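**Q** Sharing a sequence plus its predicted fold:
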Amino acid sequence: MELKQLEYFLAICRELHFTRAAEKLGIAQPSLSQQIRLLEHEVGTPLFDRIGKRIALTEAGGLLQTHALHVFHELAQAKAAIGELQGLKRGTLKLGALPSVVSDLLPPALARFHARYPTIELTVQDARTGEIIDRLIRNELDIGIVMSAGLDGNVDLFERMPLYRDELVFAVPTEHPLAVRGSLPLTALEDTPAILFPTPYVLRRQLDEACVSLGFKLKPVLEMTTMEALLRMVATGVGLSIVPASAVRTSGGAVRAIPLEGSAIMTEVALIYRKHKHLCAASRAF
């Protein structure tokens, strides 16, 4: 079994399409198919179910995928450890962070890091918490900056370094009748049009749980996937929202933050990385 074959195999696992995988790898599709046939012959069982033009991993394929990811992870660990013999003159750092963090918190930190270590290759990907956690588990990222509440059952897999806490507030258009209120109960969302994140998002899950505990279920009139778009829609008067207070402070003044009445709902943003993973010099320096 050759590493190149495993690399080809993992490319197909990601794409679940031979032609697209071949394009990503920069090889001809017949050559890719031949290598996978050789790999299947070596392991003695099919790795993919082929249904017309669609493919899916077999049970054996899923097992091989898990072990192949470990193989390449260990090779990367070895490369990183050996690279540290040359200090921070070389290396890579792959970072995943929430969009709000990428736009506000990270730029000055990245600028300082690059000025100090100009030869380190930095890659920054913005994504929601769940996607970042998945990529860290698959060893596609070195460090993640996420909402701590999104760790859920994966909390034991990661080291966590809290960065800051933020209070959730109502986001209300400045000309809205409720904008003069000193505070608003969460139950205001029961009778007022709401603009929220979709249900997979950590903030939305926190809100759903809080509202269910008060005896009602959220029914937003609109769902948006970015904070910027959500606040723009709030500013137009379509509805209210619940967002971190820091997001309203940087929204340009068209939206007012009104505290929640009663117990505050807090969010925590934290830097995380895999436990028991060799933290390379670039990651430690960052």
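**A** Right, received. Where do you want to start?
**Q** all helices in the protein, in order from the N-terminus.
**A** 3-15, 18-25, 29-43, 59-83, 99-100, 106-116, 129-137, 202-213, 227-235, 245-249, 281-285 (DSSP state H).
**Q** will you turn those into JSON lines that also has mean pLDDT and distance to Arg165?
**A** (Each C-beta comes from the backbone N, C-alpha and C, glycine too.) Output for those, formatted as JSON lines (pLDDT from 0 to 100; distance: least, CB to CB, whole Å):
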{"stretch": "helix 3-15", "mean pLDDT": "91", "distance to Arg165": "36"}
{"stretch": "helix 18-25", "mean pLDDT": "89", "distance to Arg165": "40"}
{"stretch": "helix 29-43", "mean pLDDT": "91", "distance to Arg165": "48"}
{"stretch": "helix 59-83", "mean pLDDT": "84", "distance to Arg165": "32"}
{"stretch": "helix 99-100", "mean pLDDT": "86", "distance to Arg165": "14"}
{"stretch": "helix 106-116", "mean pLDDT": "92", "distance to Arg165": "18"}
{"stretch": "helix 129-137", "mean pLDDT": "92", "distance to Arg165": "15"}
{"stretch": "helix 202-213", "mean pLDDT": "92", "distance to Arg165": "13"}
{"stretch": "helix 227-235", "mean pLDDT": "93", "distance to Arg165": "17"}
{"stretch": "helix 245-249", "mean pLDDT": "87", "distance to Arg165": "10"}
{"stretch": "helix 281-285", "mean pLDDT": "82", "distance to Arg165": "24"}
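**Q** Can you check which of those helices gets nearest to Ala264?
**A** helix 245-249 (9.8 Å; CB to CB).
**Q** Touching, Thr123 and Gly91? I think so.
**A** No. If you go by CB atoms under 8 Å, Thr123 and Gly91 don't touch, sitting 11.8 Å apart.
**Q** who's more crowded, these two?
**A** Set Thr123 next to Gly91 and count neighbours by other CB atoms under 10 Å: Gly91 wins out with 21 against 11.
**Q** Show me where the stretch 151-286 of the chain has its strands.
**A** Under the criterion DSSP state E, counting those that start in this stretch, strands of the stretch 151-286 of the chain are mapped to 158-173, 195-196, 222-223, 241-244, 255-259, 266-274.
**Q** For the third one, which strands pair with it and how are they oriented?
**A** The sheet places strand 222-223 alongside strand 195-196 (parallel), with pairing taken from DSSP bridges.
**Q** Please work out which residues outside the strand it pairs with touch it.
**A** Identification of contacts with strand 195-196 by CB atoms under 8 Å, 6 or more residues apart in numbering yields 204, 207, 218, 220-224, 230, 233-234, 238-242.
**Q** Among these, name the buried ones.
**A** Buried by 16 or more other CB atoms under 10 Å: Arg204, Leu207, Leu218, Pro220, Met224, Leu230, Met233, Val234, Gly239, Leu240, Ser241, Ile242, out of these.
**Q** Among those, which one sits closest to Thr192?
**A** Distance to Thr192 across the buried ones among the contacts of strand 195-196 (CB to CB) is lowest for Leu240, with 5.4 Å.
**Q** What's the per-residue pLDDT of the closest one here?
**A** pLDDT recorded at Leu240 is 95.
**Q** Check Lys89 too.
**A** The confidence metric pLDDT takes the value 61 at Lys89.
**Q** right, so of the strands of the stretch 151-286 of the chain, which gets closest to Glu15?
**A** strand 266-274 (24.6 Å).
**Q** Show me what the closest one is packed up against.
**A** Helices and strands touching strand 266-274, by 3 or more CB pairs under 8 Å, 6 or more residues apart in numbering; DSSP states H and E, are helix 129-137, strand 143-147, strand 158-173, helix 202-213.
**Q** Show me which of the ones you listed has the highest average neighbour count.
**A** Most buried of those by mean neighbour count (mean count of other CB atoms under 10 Å) is strand 143-147; its value is a mean of 24.
**Q** Tell me the gap between it and the middle of its chain.
**A** Centre-to-centre, strand 143-147 and its host chain are 7 Å apart (CA atoms, centre = their mean, to the nearest Å).
**Q** Give me the contacts around it.
**A** The contact list for strand 143-147 (CB under 8 Å, 6+ apart) reads 93-98, 101, 105-106, 129, 132-133, 135-136, 163, 202-203, 267-273, 283, 286.
**Q** now stretch 61-74
**A** 3, 6-7, 9-10, 13, 43, 46-48, 57, 138-139.
**Q** Would you tell me which one of these comes nearest to Arg181?
**A** Closest approach to Arg181 among those (CB to CB): Arg138, at 45.7 Å.
**Q** Alright, that wraps it up for me.
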